[in-house]
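S.K.: Predicted model follows, preceded by the sequence.
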Amino acid sequence: MSARRVCQDPPLLRWGLTLLAVGYLALFIVLPLVTLFANALSKGWRAYWAAILHPDTLDAVRLTLLAAGIAVPLNALFGLAAAWAVARFEFRGKNLLVTLMDLPLAVSPVVAGLIFILVFGAHGWLGPWLADRGWQIIFALPGIVIATLFVTLPYVARELIPLMQAQGSEEEEAALVLGAGGWRIFFRITLPNIQWSLLYGVVLCTARALGEFGAVSVVSGHIRGETNTLPLHVEILYNEYRFAAAFAVASLLSALALVTLVVKRLLEWKREPQYKALAAQPFGEA
C-alpha cells in the first residue's frame, strides 16, 4: 500500500465532512441571504429603490460612512503604533497593553454602550462638565464615533503584531546603521513589509464599523435622520412593520459585507506569499 493511500482519508469520511460543511454553510449563510434578498424584492424593484433612496435611509448611510470614516483611520493609526511598540520594544506593562487591546472582543457591545453613558451621559462622570461647555457626546455623532472606535479597536493591531514579531527588526537596524532616519526607515522598509496586513486589518475594521449595532444603539438615542446608522434604521423599519423596506436596507448592508469579503480574499491572496516566506525560514531566523 502506497504512502499516499495510507495518509489519505477514506472517501466516505471526506465526502461526509464536505457535505456537512457545505450543508452547514447553505443553511446558516446562503439560505438567509437568499431569503433576505427575496424579501427585499418582494414588492418589486420600484419599492426596493424607494426604500433605498428614502431620505431617512440616505441620512443613515451618510452617518454610517461618516462614523466609519472617522473611526477606521484612527484605529489604523493606533493599531500601527501599538504593533510597533509591542513588536519592537520591551517595556513594563507590555502584556497589560496587549490584554487591554483584546477587551472589546470580550465585552458585550451593549455593556460598552452603557459604560459610555455612565461616563459621558448627562448624569455621568464627565457629562455635566461637558454640558457646561456645550459639548454633547451621548445621543450625538461623537458618542457614535466613540462606540465605533471601541468595538473596532483590536482589528488592525491584531493583524500587525504577529507579522511584525515574525519579521524581526534586522532590516530596520541595518538601515539605521547605514544612516537612514526614522521616517525614511518607516516608509521605505517597515510600511512596504506590512502593507497587505495593514490593509487587511483596515478592511476587517471597516466591516465591523459598518455593521455595529449594540454599542451604537445604546449611545445614539435612535433619533431618525440624525443619529440612526444603517443597522439602527433596519430595526426601526422592522418595528414599524415595513418589512420590505427593512429587508431592502438590510440587503444594502449585506451587499457591503459581500464586497468586504471579496476585498478580504484579495488581500489574503496578496499577503499569502509573505507568510509562506516567513514560514519557510529556519526556526529562530524570523
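M.R.: Received the coordinates, thanks.
S.K.: Pull the residues that contact the one helix or strand Ala47 maps to.
M.R.: Using DSSP states H and E, Ala47 falls within helix 44-52. With contact meaning Cβ atoms under 8 Å, 6 or more residues apart in numbering, helix 44-52 is reached by 40-41, 57, 237, 242, 244-245, 248-249, 251-252. C-beta coordinates here come from the backbone N, C-alpha and C atoms, glycine included.
S.K.: ok, now stretch 75-90?
M.R.: 91, 94, 97-98, 101, 149, 152-161, 164-165, 169, 172, 190, 194, 198, 201-202, 205.
S.K.: For Pro128, give me its contacts.
M.R.: Contacts of Pro128 by Cβ under 8 Å, 6+ apart are Ala122.
S.K.: separation between it and Phe243?
M.R.: 42 Å (Cβ to Cβ, to the nearest Å).
S.K.: Of all the residues in the helix holding Ala47, which ones are buried?
M.R.: The neighbour-count check on helix 44-52 (16 or more other Cβ atoms under 10 Å) flags 48, 51-52 as buried.
S.K.: Can you tell me which of the residues you listed is closest to Pro10?
M.R.: Tyr48 (48.3 Å; Cβ to Cβ).
S.K.: which non-adjacent residue is nearest that closest one?
M.R.: Excluding the flanking residues, the one nearest Tyr48 by Cβ to Cβ, 6 or more residues apart in numbering is Ala248, at 4.9 Å.
S.K.: and the one you found, what does it touch?
M.R.: 40-41, 47-48, 51-52.
S.K.: Local confidence estimate at it?
M.R.: Looking at Ala248, its pLDDT is 94.
S.K.: Output the longest helix belonging to this protein.
M.R.: helix 243-280 (DSSP state H).
S.K.: In the stretch 1-150 of the chain, mark out all the helices, start to finish.
M.R.: With DSSP state H, counting those that start in this stretch, the ranges of helices along the stretch 1-150 of the chain come out as 3-7, 11-25, 31-40, 44-52, 55-88, 94-101, 103-106, 109-120, 127-132, 141-152.
S.K.: okay, the angle between the fifth one and helix 94-101?
M.R.: By that I understand helix 55-88. 170 degrees (axes from the mean of the first three to the mean of the last three Cα atoms, to 10 degrees).
S.K.: what distance separates helix 55-88 from the centre of its chain?
M.R.: Distance, stretch centre to chain centre, for helix 55-88: 9 Å (Cα atoms, centre = their mean, to the nearest Å).
S.K.: Next: the last one.
M.R.: Using Cα atoms, centre = their mean, we find the averaged C-alpha position of helix 141-152 to lie 12 Å away from the chain's own average C-alpha position.
S.K.: Just the CA coordinates for it, please, in PDB.
M.R.: What follows is helix 141-152, C-alpha atoms only, in PDB (Å, rounded to 0.1, in the frame of the first residue of the first chain):
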ATOM      1  CA  LEU A 141     -22.200  61.900  16.400                       C
ATOM      2  CA  PRO A 142     -19.300  61.900  19.000                       C
ATOM      3  CA  GLY A 143     -20.900  59.200  21.000                       C
ATOM      4  CA  ILE A 144     -21.500  57.100  17.900                       C
ATOM      5  CA  VAL A 145     -17.800  57.500  16.900                       C
ATOM      6  CA  ILE A 146     -16.600  56.600  20.300                       C
ATOM      7  CA  ALA A 147     -18.700  53.500  20.400                       C
ATOM      8  CA  THR A 148     -17.400  52.500  16.900                       C
ATOM      9  CA  LEU A 149     -13.800  53.200  18.000                       C
ATOM     10  CA  PHE A 150     -14.200  50.900  20.900                       C
ATOM     11  CA  VAL A 151     -15.700  47.900  19.000                       C
ATOM     12  CA  THR A 152     -13.200  48.200  16.200                       C
END
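S.K.: Kindly present the buried residues of helix 44-52 as TSV, with separate columns for pLDDT and distance to Gly134.
M.R.: Converted to TSV, the buried residues of helix 44-52 look like this (pLDDT from 0 to 100; distance: Cβ to Cβ, whole Å):
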residue	pLDDT	distance to Gly134
Tyr48	94	42
Ala51	94	36
Ile52	94	36
